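> just a sequence and a predicted model for now, questions to come.
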Amino acid sequence: MRERHSHLILLAAAPLAVAVGAIVACNPKAPATTAGKPAAAATAAAASGKTRAMTLAETGIDSSALDKTADPCTDFYQYACGGWMKTFEIPADKSRFTKSFNSIDDHNEEVLKKILEDASNAPAGADPLVKKVGDYYFACMDEKTIDATGAAPLRPMRDEIAKVKDIKSLEKTLAKMHRAQSWAFFNVGSQQDFKDATKVILGVDQGGLGLPDRDYYLKDDERTKSIREFYTGHVERMFGLLGEKPAKAKAAAADVMRIETKLAELSQSRVERREPSNVYHKIDFAGLSATAKNFPWKTYFDDIKHPGLNDISVNSTKYFEGMDALMKSEKPEAIRNYLTWQVAHHYAMLLSKPFVEEAFSMRAKLSGAKEIEPRWKRCVRSVDASLGELLAQPYVKQEFPGESKPVAENLVKGIASAMRTDVKGLDWMDDATKNAAYQKVDKMAFQIGYPEKWRSYEFAVKRDAYAANAMAGAASGFDYDLDYVGKPIDRSRWGMTPPTVNAYYDPSMNQMVFPAGILQPPFFSMNRLSAVNYGAIGSVMGHELTHGFDDEGAQFDADGNLKNWWSAGTGDKFKEKTSCVAKQYGGYEPLPGQKLNGELTTGENIADIGGLKLAWTAWKAARAKEGGDPVVAEGLTEDQIFFVSFAQGWCEKMRPEEQAMRIKTDPHSPGHFRVIGTVADTPPFAEAFHCKAAPVCQVW
């Protein structure tokens, strides 16, 4: 609830049990047929007039990733990515690897590593901002000091936990934990008021689970039970590292599982949380106090150093009623055990090697990763998490220079114009609703590359206290977020740091954000064929824009308010079309016996389909202005290159354990299905590759 951002991707990849034909749409099991090959289209283009010959490398396409033995009409993912899939091995420290995203991320991390190494060796008298990121990185890399301190950084918090004997003392401890962003029981944060987007209010949300999703506590399939059993042992072993004797550690783990299971039973599912009205209940301070009546909310807000908060929304009154009863019914010792676990779970990676290795063991069980990542990578991400907009400034100067920003801005403007064209041509939308859609597109803002003004970080950084630095960074982030409550809307604030390889749309802001981190090859380059830019980053931009019109985003108006702007008849047709998409993707089976949750992934699938269509429309308009002879590269036409560029953005591999976890938790479909499902619903694809078109699910 705190963030209504629709993100482009949670990196994922899959060895697939079922390959579903690319031209299949509403009937995922229909047979796929083909009426042509890529070379035939290229031959026809050459015969029609003068063409320019290029290599695929010159256009910006990776020819080695292709599997030209595959029929693009049957499985376009295999055609675009099969060569790469055959030869690429997932690194041991990763559970998934996406050819575009992870490749850019690896490059960005190397750049940031060099920046931080230089900063950590900066001489006395260096720029204080350089010294701050350098000292933070140095402290993180100082394993000798970290290992010598063991679990000592947790001692102040554990001393607070030891004082918990009733709800009053529990509140005091929770306030300290929450300021450090260790979210036991619930979490808090700023959010725009869904019904009045000009206001920033407080969101209070469910939380406090150690496993990735409520279903891990509630489902009884063999894999879930195995993970639950491993998790219980993991909690027990962590208590052992904290110095508890075996019997006490075992009892503490039982307390943790019981309390977290009860919280899971109260929690909303991921599908439920996709409906905005399910997670928005503006009950304000009086309503919160009446709902969780035993918890001293006024004192809590005083103790988190943000007193007097009144405009408040909760995700679910049921959750907070149940949480309140749970706090009252559990014995103080059990509560202390739960809080101790939450702190250890949250901060394990800041501690000595035994804690890091034990934390990794749980990650390995869930994801299948074979090795822990190198320390320098973990430290780069830690600096980014605590001091992101300081670290971003030298990164942007180096990696996003010159005309990059205006070129990317023009691409976004072209995508927005394509959306207007798209809406105009829809035969299922009436004029009144079209006018409201035009207004939303026209008011949609975007941020490219980096913020207009950089955030400052006031907390002190020590060169020999990594855990303390990270905790101070967390508290600084907490204050930065809650200080926003009650303030005017600030469109310059970002929800991601500029080096991040991702993008998002925020429906309450009606705003898209594209960090410099993703505006890199192979997604974006100023010096390559426009078909490749539009197929890659253009479809990303179209994806984010379409989030404003997916099944969630379409419930927010041009000003970011949760408001129905649809006429009754058009709204019914829209729901029919989104149901088609849910049914289509719900028929895909990434692992044997495990199908995608079409309801969970609907919004992202709609955004993928709409994003590709918008990128195509925008590219055709831009290409007409470019002029010049059409390109044919190694037998592929520009139209075909556009679609290959799109597909190669989603070439990915994933370990089975990670895939099983993502099926439960990820609102994005795996890369294979993001490709074949999207092109199935894009008629120009069938035309470009001379495929026999099938019925499509197309919302936008």
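Received it, and whenever you're ready, just let me know what you need.
> where exactly do the strands run in this protein?
6-7, 52-54, 96-98, 186-193, 196-206, 281-282, 312-314, 445-449, 504-506, 511-515, 631-633, 636-637, 652-654 (DSSP state E).
> now the third one: mean pLDDT?
Think strand 96-98. For strand 96-98, mean pLDDT rounds to 97.
> related to what we said a few turns ago, turn the strands of the chain into a markdown table, columns for mean neighbour count.
Any C-beta I mention is one placed from the backbone N, CA and C, and that applies to glycine too. A markdown table is the format used below for those (neighbours: other C-beta atoms under 10 Å):
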| stretch | mean neighbour count |
| --- | --- |
| strand 6-7 | 20 |
| strand 52-54 | 14 |
| strand 96-98 | 23 |
| strand 186-193 | 21 |
| strand 196-206 | 21 |
| strand 281-282 | 18 |
| strand 312-314 | 24 |
| strand 445-449 | 19 |
| strand 504-506 | 24 |
| strand 511-515 | 25 |
| strand 631-633 | 22 |
| strand 636-637 | 26 |
| strand 652-654 | 27 |
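> and of those, who's closest to Met496?
strand 511-515 (5.3 Å; C-beta to C-beta).
> quick one: the closest one to strand 445-449, angle?
10 degrees (axes from the mean of the first three to the mean of the last three C-alpha atoms, to 10 degrees).
> among the strands of the chain, which comes closest to Tyr347?
Tyr347 sits nearest to strand 186-193 of all these, at 16.0 Å, using C-beta to C-beta.
> least confident of the strands of the chain, on average?
strand 6-7 (a mean of 56).
> low-scoring pLDDT stretches of the stretch 401-550 of the chain, where are they?
By pLDDT under 70, the stretch 401-550 of the chain has no low-scoring segment.
> can you give me the helices in it?
404-424, 431-443, 466-482, 530-533, 539-547 (DSSP state H, counting those that start in this stretch).
> list the buried residues in stretch 513-530.
By neighbour count on 16 or more other C-beta atoms under 10 Å, the buried set for stretch 513-530 is 513-525, 528-530.
> related to what we said a few turns ago, compare the strands of the chain and report which one is nearest to Lys583.
Using C-beta to C-beta, the strands of the chain put strand 6-7 closest to Lys583, at 21.3 Å.
> domains of the protein?
16-108+382-451+498-688, 154-168+183-350 (automatic domain parsing).
> please identify the deepest-packed of those.
domain 16-108+382-451+498-688 (a mean of 21; mean count of other C-beta atoms under 10 Å).
> was I right about Ala615 contacting Asn533?
No. At 9.3 Å, Ala615 does not count as touching Asn533 under the criterion of C-beta atoms under 8 Å.
> about what we covered before: dump the strands of the chain into TSV; add distance to His306 as well.
Formatted as TSV, the strands of the chain follow (distance: least, C-beta to C-beta, whole Å):
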stretch	distance to His306
strand 6-7	27
strand 52-54	58
strand 96-98	38
strand 186-193	9
strand 196-206	8
strand 281-282	18
strand 312-314	12
strand 445-449	27
strand 504-506	22
strand 511-515	25
strand 631-633	58
strand 636-637	57
strand 652-654	41
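> next one: Gly593 from Arg674, what distance?
Look at Gly593 and Arg674: by C-beta to C-beta, to the nearest Å, they are 21 Å apart.
> try Met512
Counting by C-beta to C-beta - Met512 and Arg674 are separated by 19 Å.
> just Ile537 next, same as before
To Arg674, Ile537 is 15 Å away according to C-beta to C-beta.
> one step back: closest to Asp147 out of the helices of the stretch 401-550 of the chain?
helix 466-482 (11.0 Å).
> now do the closest one against strand 196-206, angle only.
Using the same axes, to 10 degrees: helix 466-482 against strand 196-206 is 140 degrees.
> check which helices and strands helix 466-482 is in contact with.
Judged by 3 or more C-beta pairs under 8 Å, 6 or more residues apart in numbering; DSSP states H and E, the packing partners of helix 466-482 are helix 128-141, helix 143-149, helix 167-179, strand 186-193, helix 332-347, helix 375-399.
> so which of these is nearest Thr497?
Of the helices and strands packed on helix 466-482, the one closest to Thr497 (C-beta to C-beta) turns out to be helix 375-399, at 3.3 Å.
> give me the distance from the closest one to the chain's centre.
Chain-centre distance of helix 375-399: 18 Å, with C-alpha atoms, centre = their mean, to the nearest Å.
> quick one: contacts of that helix?
The set of residues external to helix 375-399 that reach it, using C-beta atoms under 8 Å, 6 or more residues apart in numbering, is 93, 108-109, 111-113, 115-116, 129, 132-133, 136-137, 140-141, 143, 349, 449-451, 454-455, 457, 461, 469-470, 472-474, 476-477, 494, 497-500, 516, 520.
> same deal with stretch 346-365?
143, 146-151, 153-154, 181-183, 227, 230-231, 234, 237-238, 241, 344-345, 369-370, 372, 378, 466-467, 470-471, 657.
> how about stretch 589-606?
6, 14, 16-18, 270-271, 274, 546-547, 549-553, 578, 581-588, 656, 659-660, 663, 666-670, 672-674, 677-678, 699-700.
> that one: end-to-end distance?
Start-to-end span of stretch 589-606 (C-alpha to C-alpha, to the nearest Å) is 19 Å.
> quick one: distance of that stretch to the chain centre.
Chain-centre distance of stretch 589-606: 16 Å, with C-alpha atoms, centre = their mean.
> and the gap between Ser382 and Met323?
Distance, Ser382 to Met323, by C-beta to C-beta: 31 Å.
> check what pLDDT Ala32 gets.
Predicted confidence (pLDDT) at Ala32: the value is 36.
> cool, and His345?
Looking at His345, the pLDDT reads 98.
> now Phe673
97.
> which one is it nearest to, not counting chain neighbours?
Leaving aside its sequence neighbours, Phe673 sits nearest to Tyr588 (C-beta to C-beta, 6 or more residues apart in numbering; 4.8 Å).
> now the phi/psi pair for that neighbour, please.
phi -80, psi 140 (degrees, to the nearest 10).
> so who does the closest residue in space to Glu160 that isn't next to it in sequence touch?
The shortest distance from Glu160 to any non-neighbouring residue, by C-beta to C-beta, 6+ apart, is to Thr173 (4.7 Å). The contact partners of Thr173, by C-beta under 8 Å, 6+ apart, come to Glu160, Ile161, Lys163, Val164, Leu339.
> just those: which are in helices?
Glu160, Ile161, Leu339 (DSSP state H).
> Throw the residues you listed into CSV and include distance to Leu263, thanks.
Shown next, in CSV, are the ones in helices among the contacts of Thr173 (distance: C-beta to C-beta, whole Å):
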residue, distance to Leu263
Glu160, 21
Ile161, 18
Leu339, 13
